[in-house]
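Engineer: Could you work out the structure for the sequence below:
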Amino acid sequence: MKHPFWIFNSALALLFIIVLLFVTFSRQTKPYREPINPEVISPSAAEHLQQNVNISKIYERDPFDTYEKEEKKTTPVISIPVPQPPAPTVTKAPEIPKPAFLDPLNISLKGIVFVAGQEDKNRAIIQDKQTSRETSYKVGNSIEDAQLIRIFNNKIVLLRTNGQQEVIYLREKDAQQDPAFNTLGNWEDVSKRINDTLYSINPEPFTQRVGNLSQFIDMLDLTTAYQKGKNIGCRVGNIEKDSLGQALGLETGDIITTVDDIPATTTADRFKIYKAILNKKDGESITVNLLRKRKPITLVYSLEKFSTLDKKAVVEPAQELQLQEIMQEKQLKAEDTKRRIIPVTQDYRRRERSNMRSYAERTTYS
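Structural biologist: Numbering: from 1, shown residues only. Alright, predicted model coming up:
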């Protein structure tokens, strides 16, 4: 009879073998741990993946049924053509009306009663050429379509209905000596062009038509010219046709730098130039250096007496009659111009005040 302890050990050995077999055949292999480092995707591969991914599929397969498919909007077909906007039209600027000048009044000035400083006592005796009737007028009285606005000691000023001013002189000599008309044309007796840089100046008629230095500055519209803040001379203003500046060969914008090697910069130098020119005698010359469009130019003015009648010697006999007709026409136009003035009251009054100031400061030629 076997011992009971041996049976217990045999049972334990059998149980151990059964457990060992179960563990051996039921054991699972341990999974391999893969690295978690992200893989670097090149830009070209990323763009390729982005192009191949259709995001709309994610919305279409929505498990929560929240996706609503967007319906494509159809544009309605318009059978009636849409009218085009009108083409823009270019508006033409209205033409500036030309000033219409009235014919001169058919009157003449016979006398003036002038009291200095008391304009209300000034009277003008005016004759109507049609009726030969003489009437005394004061400032503010009407004569036909004009109104008397100023009485001087040698002339009267009338304002027409269209704004035109008309000046009537007491004597023809007063009209010739008035500075307001010294700027008119017919400078042939004053200046004669020899060539582009040489001119001949007749001293006597020049001093008769240009009374003083102030009037000469006004005729040329001289102003001080600056360059980089430095005074370089005198700039010539607007040069009109048939003016003194054109007769002297000057152009608009010329800058006079020196006259007879004297700089035209300071006031003292300009007065020195003025004195030097006054001391010039017949046969001498004046040299003017100037800048024209930034280029230096030298003009020479020779002082000598000459007569415009000398020109007839070179005129052919067949042209002499035509020349006389042209001179007569110019004379008629000059006489008609003497009776008119620019129709601006303020400009006229300003010029009169300037003339009175210049008359007080007038320097006569020696």
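Engineer: Could you pick out the longest helix of this protein?
Structural biologist: As assigned by DSSP state H, the longest helix anywhere in the chain is helix 4-26.
Engineer: Show me what that helix is in contact with.
Structural biologist: For helix 4-26, contacts defined as CB atoms under 8 Å, 6 or more residues apart in numbering pick out no residues. Glycine gets a C-beta too; all of them are placed from N, C-alpha and C.
Engineer: Just the element for Thr302, please.
Structural biologist: Let me fix one detail, which is that residue 302 is Ser and not Thr. For Ser302, the element it lies in under DSSP states H and E is strand 295-303.
Engineer: elements contacting that strand?
Structural biologist: Helices and strands touching strand 295-303, as assessed by 3 or more CB pairs under 8 Å, 6 or more residues apart in numbering; DSSP states H and E, comprise strand 198-201, strand 285-292.
Engineer: Distance across stretch 187-198, terminal residue to terminal residue?
Structural biologist: 16 Å (CA to CA, to the nearest Å).
Engineer: List the buried residues for that stretch?
Structural biologist: Applying a neighbour-count criterion of 16 or more other CB atoms under 10 Å, one finds 187, 189-192 buried in stretch 187-198.
Engineer: Please apply the same query to stretch 143-161.
Structural biologist: For stretch 143-161, using 16+ other CB under 10 Å, the buried residues are 143, 146-148, 150-152, 155-160.
Engineer: Just the CA coordinates for the longest helix of the chain, please, in PDB.
Structural biologist: Taking Å, rounded to 0.1, in the frame of the first residue of the first chain, the C-alpha atoms of helix 4-26 are listed here in PDB:
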ATOM      1  CA  PRO A   4      -0.600   9.000   0.800                       C
ATOM      2  CA  PHE A   5       2.100  11.700   0.700                       C
ATOM      3  CA  TRP A   6       3.400  10.200  -2.500                       C
ATOM      4  CA  ILE A   7       0.000  10.500  -4.100                       C
ATOM      5  CA  PHE A   8      -0.300  14.100  -3.200                       C
ATOM      6  CA  ASN A   9       3.100  14.900  -4.800                       C
ATOM      7  CA  SER A  10       2.200  13.000  -8.000                       C
ATOM      8  CA  ALA A  11      -1.000  15.100  -8.200                       C
ATOM      9  CA  LEU A  12       0.900  18.300  -7.800                       C
ATOM     10  CA  ALA A  13       3.500  17.300 -10.500                       C
ATOM     11  CA  LEU A  14       0.700  16.500 -12.900                       C
ATOM     12  CA  LEU A  15      -1.000  19.800 -12.200                       C
ATOM     13  CA  PHE A  16       2.300  21.600 -12.700                       C
ATOM     14  CA  ILE A  17       2.700  20.000 -16.100                       C
ATOM     15  CA  ILE A  18      -0.800  20.800 -17.200                       C
ATOM     16  CA  VAL A  19      -0.300  24.500 -16.100                       C
ATOM     17  CA  LEU A  20       3.000  24.700 -17.900                       C
ATOM     18  CA  LEU A  21       1.500  23.300 -21.100                       C
ATOM     19  CA  PHE A  22      -1.300  25.800 -20.900                       C
ATOM     20  CA  VAL A  23       1.000  28.800 -20.400                       C
ATOM     21  CA  THR A  24       3.300  27.600 -23.100                       C
ATOM     22  CA  PHE A  25       0.600  27.300 -25.800                       C
ATOM     23  CA  SER A  26      -1.600  30.300 -24.700                       C
END
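Engineer: Can you give the distance of that helix from its chain's centre?
Structural biologist: Here the centre of helix 4-26 is set off from its chain's centre by 123 Å, with CA atoms, centre = their mean, to the nearest Å.
Engineer: Give the rounded mean pLDDT of that helix.
Structural biologist: Mean pLDDT, taken over the full extent of helix 4-26, equals 82.
Engineer: ok so, going back, JSON lines please, covering the helices and strands packed on strand 295-303 and showing distance to Arg171.
Structural biologist: Listed next are the helices and strands packed on strand 295-303 as JSON lines, based on distance: least, CB to CB, whole Å:
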{"stretch": "strand 198-201", "distance to Arg171": "29"}
{"stretch": "strand 285-292", "distance to Arg171": "34"}
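Engineer: buried ones in stretch 202-214?
Structural biologist: Those would be 202-203, 205-206, 209-214, for stretch 202-214 by 16+ other CB under 10 Å.
Engineer: Just give me the closest of the residues you listed to Glu284.
Structural biologist: Distance from Glu284 was checked for each of these by CB to CB. The minimum falls on Pro203, at 10.1 Å.
Engineer: Which among the helices and strands packed on strand 295-303 is found nearest to Asp221?
Structural biologist: In this view, the helices and strands packed on strand 295-303 are compared for proximity to Asp221 by CB to CB, and strand 285-292 is the closest at 14.8 Å.
Engineer: Check which helices and strands that closest one sits against.
Structural biologist: Secondary structure elements in contact with strand 285-292, counted by 3+ CB pairs under 8 Å, 6+ apart, are strand 230-235, strand 255-259, strand 295-303.
Engineer: Check those for me and report the most buried one.
Structural biologist: Highest mean neighbour count among these (mean count of other CB atoms under 10 Å): strand 255-259, with a mean of 20.
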